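Visitor: heads up, no residue letters with this:
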């Protein structure tokens, strides 16, 4: 398994797209952080960058990569290696490379220009998002045989979580505004890793007060360490559950 | 007569009048020495209180005296008692250190209490760890100047106010540093007073709190880190100039909360990093001019119950929301303000934007109606909604607009 991870990682590191991804992130974060004298504002802008780019790029790149390496996977499976191990190794190799690219692109500028605790949280939430969306990409890969359909599904999934989900949530909030919906909202939020990452980050910044202002529950729940722990745990579920599902499906899949 | 002669004559008469006024020293060697000295003295005397610790309480001053502390002698209430009570006009208290009054929820225990006393001066004292600092009750024409008033209150119930005034007039509260009390400065039925150059910070509730207090002027004060900022209610003809409101940040914090205020002026103040810059409820005819709103959550919340307020030549920069309101009715005027979110153009180069600016964003309307929507703060969908609303306004109140927004910020230094 280690050997497969090594080869996947080596293959990806040589890939120019990974380098470009890291460079674009680095350029964005350097410019954003040096324009704003206030590090909190720079972090908020970087949060927006993370929330928009990381899910879409992770899921798209990962899906395309998995589909492209289908022959490599088939070749490996002709050897006496377990299916689970091959798929897991593919995932770990890919997720690790994406994480390295994100760490270089966002982490290093943050360490130089904004060495505060909130920066660590931004880095963590970005890494968690990368892991989540690579796992979802793996699920897409095992569910679809056709590459075109798979990429289409990946795009839709990415857009669903970054845009559509919040739109539906707004409709839900509007329709049921006469009812006590604070708790259901907190529950619904857990179904979107992008929202979870956003809240995890906002809780570290001053603007968290603005969320607390609007409801006692948000303050009580999100204002304490429990809120941060809850969001992180939910995001970890978003990594483990798709991963587990795809391993299970792949085991039975007709190749 | 020449002027010098007149002055000499006046001085001579003055000296004659005070011929029997003495000045004597008070030492802390035997218990009760301060009260005894006060009892022995005659009106017009000056008592020079020497350095030391006076464990005395409920000291009554009922004649015209001047108390001057030498190197801040300490009067200690041992966490049980009340300290100075002044019940006569024209008393002067300078340079004392008054500390550790008792705490009681039944009576208002104060370090310096003025009861029905006029023309009293309380200057350059240090008041530490008291329930109430300076307490004025039915006292007019008094001066509270240059005092340091500190306490360590933790909740609203067991604490008192730094400077507390009730049913008084013509007060001057200036150059005080007040912290750790319930309200920094509290006024109820206090009229025609001047509050100048005070610093009120880290108080449990309000930095400044006043009700039914008309014709008061607040100038050059700084209110920082107070639990709920500044609250102003049921008053008329209030004037606030050159004050600074910084970091009144929390779930229920306002830089200024205005409720039922009319005919007042808020000019050239700075509001920085407050949850809400100014909250208007039921206000009318207020002039809000030349103020700076920077990095606030909401720069202003103007409820629909306000009318004829005038917002002119203010700067709005880096606020999360510029203006929020709870209705579609808007009877106030916005004119020539600078809004950093304004993206209009100025073709005739008169430095005034050619298209109006609508300071209420769609998302702020949504959160005003449904606070729970705040969970989507800073998500893309809300940005998109705001952009769509800008092009095709439908939800935001169309009367709330600045017809002449400035292209560049005002220089308000």
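Guide: Good, I have the coordinates. None of the values given here were measured: they were computed from a predicted structure. Numbers count the residues shown, from 1 in each chain, chains lettered A, B, ... in the order given.

Visitor: for residue 38, what are its contacts?
Guide: You didn't say which chain, so I picked chain A. Contacts for residue A:38 (C-beta atoms under 8 Å, 6 or more residues apart in numbering or on different chains) come out as residue B:295. No exception for glycine: its C-beta is placed from N, CA and C like everyone else's.

Visitor: try chain B instead
Guide: By C-beta under 8 Å, 6+ apart, residue B:38 lies in contact with B:47, B:59, B:60, B:61, B:63, B:65.

Visitor: Can you list the helices and strands that the helix or strand where the first one lies packs against?
Guide: Which is residue B:47. Residue B:47 belongs to strand B:46-49 when assigned by DSSP states H and E. Packing contacts for strand B:46-49, counted by 3 or more C-beta pairs under 8 Å, 6 or more residues apart in numbering or on different chains; DSSP states H and E, involve strand B:23-26, helix B:33-40, strand B:66-69.

Visitor: ok, residue B:363 touching residue B:386?
Guide: Yes - at 5.6 Å, residue B:363 counts as touching residue B:386 under the criterion of C-beta atoms under 8 Å.

Visitor: who's more crowded, the two?
Guide: With neighbours defined as other C-beta atoms under 10 Å in any protein chain shown, residue B:363 and residue B:386 compare such that residue B:363 has more, 26 against 16.

Visitor: By mean pLDDT, point me to the weakest helix or strand of chain A.
Guide: The least trusted helix or strand in chain A, going by mean pLDDT, DSSP states H and E, turns out to be helix A:208-213, with a mean of 64.

Visitor: check contacts around residue B:354.
Guide: Counted by C-beta under 8 Å, 6+ apart, residue B:354 has contacts B:344, B:345, B:346, B:347, B:348.

Visitor: at 10 Å what do you get?
Guide: With contacts defined as C-beta atoms under 10 Å, 6 or more residues apart in numbering or on different chains, the neighbours of residue B:354 are B:344, B:345, B:346, B:347, B:348, B:404, B:405, B:407.

Visitor: again, but for residue A:156
Guide: Residue A:156 touches A:59, A:140, A:164, counting by C-beta under 10 Å, 6+ apart.

Visitor: Can you classify it by secondary structure?
Guide: helix (DSSP: H, G, I helix; E, B strand; the rest coil).

Visitor: count of residues packed around residue A:171?
Guide: Each residue near residue A:171 was counted by other C-beta under 10 Å, and the total is 10.

Visitor: I misspoke; the intended subject was residue B:281.
Guide: Neighbours of residue B:281 using other C-beta under 10 Å come to 17.

Visitor: okay, now residue A:70: neighbour count?
Guide: Quick note: residue A:70 (other C-beta under 10 Å) scores 13 neighbours.

Visitor: Oh, that last question was meant for residue A:29, not what I typed.
Guide: Residue neighbour count, defined by other C-beta under 10 Å, stands at 26 for residue A:29.

Visitor: Next: residue B:317.
Guide: The tally of other residues near residue B:317 (other C-beta under 10 Å) stands at 17.

Visitor: these two touch, right, it and residue B:277?
Guide: No - the pair residue B:317 / residue B:277 is not scored as a contact, 11.4 Å apart, by C-beta atoms under 10 Å.

Visitor: Give me the common contacts of these two.
Guide: Common neighbours of residue B:317 and residue B:277 are listed as B:292, B:293, B:294, B:295, B:296, B:299 (criterion: C-beta under 10 Å, 6+ apart).

Visitor: surely the last one meets residue B:338?
Guide: No - contact status for residue B:299 versus residue B:338: not in contact, 11.7 Å apart, counting by C-beta under 10 Å.

Visitor: Same drill for the two, tell me which one is more crowded.
Guide: Taking neighbours as other C-beta under 10 Å, residue B:299 and residue B:338 compare with residue B:299 leading, 29 against 21.

Visitor: Who are the packing partners of the helix or strand containing that one?
Guide: Secondary structure assigned from DSSP H and E places residue B:299 in strand B:298-302. When contacts are defined as 3 or more C-beta pairs under 10 Å, 6 or more residues apart in numbering or on different chains; DSSP states H and E, strand B:298-302 sits against strand B:254-262, strand B:276-281, strand B:292-294, strand B:307-312, strand B:315-317, strand B:321-324, strand B:331-335, helix B:362-369.

Visitor: Just the buried subset of the contacts of residue B:354, please.
Guide: B:404, B:405 (16 or more other C-beta atoms under 10 Å in any protein chain shown).

Visitor: just curious, which of the contacts of residue B:354 is nearest to residue B:180?
Guide: Closest approach between those and residue B:180, by C-beta to C-beta: residue B:405, at 41.9 Å.

Visitor: With adjacent residues omitted, what lies nearest to the residue of the stretch 51-200 of chain A found nearest chain B?
Guide: When scored by C-beta to the nearest C-beta, the stretch 51-200 of chain A has residue A:166 as its residue closest to chain B, at 3.8 Å. Closest residue in space to residue A:166, ignoring its immediate chain neighbours: residue B:381 at 3.8 Å, by C-beta to C-beta, 6 or more residues apart in numbering or on different chains.

Visitor: residues in contact with that neighbour?
Guide: With C-beta under 10 Å, 6+ apart, residue B:381 has these contacts: A:162, A:163, A:164, A:165, A:166, A:167, A:168, A:169, A:170, B:363.

Visitor: Flag the shaky bits of the stretch 101-250 of chain A, pLDDT-wise.
Guide: A:206, A:208-219, A:223 (pLDDT under 70).

Visitor: Report the residue ranges of every domain in chain B.
Guide: Using automatic domain parsing, the domain parsing of chain B gives B:22-226, B:228-360+B:397-413.

Visitor: okay, these in CSV with mean pLDDT next?
Guide: Shown next, in CSV, are the domains of chain B (pLDDT from 0 to 100):
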stretch, mean pLDDT
domain B:22-226, 92
domain B:228-360+B:397-413, 91
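
Visitor: Which of those domains sits closest to residue A:192?
Guide: Nearest of these (C-beta to C-beta): domain B:228-360+B:397-413, 22.4 Å.

Visitor: Can you check the distance spanned by that closest one, start to finish?
Guide: 27 Å (C-alpha to C-alpha, to the nearest Å).

Visitor: Let me know the secondary structure of residue 153.
Guide: Because you didn't say which chain, this covers chain A. Quick answer, by three-state DSSP: residue A:153 is helix.

Visitor: ah, no, chain B please
Guide: Under three-state DSSP, the three-state class of residue B:153 is coil.

Visitor: surely it meets residue B:184?
Guide: No - look at residue B:153 against residue B:184 with C-beta under 10 Å: they stay out of range, at 11.0 Å.
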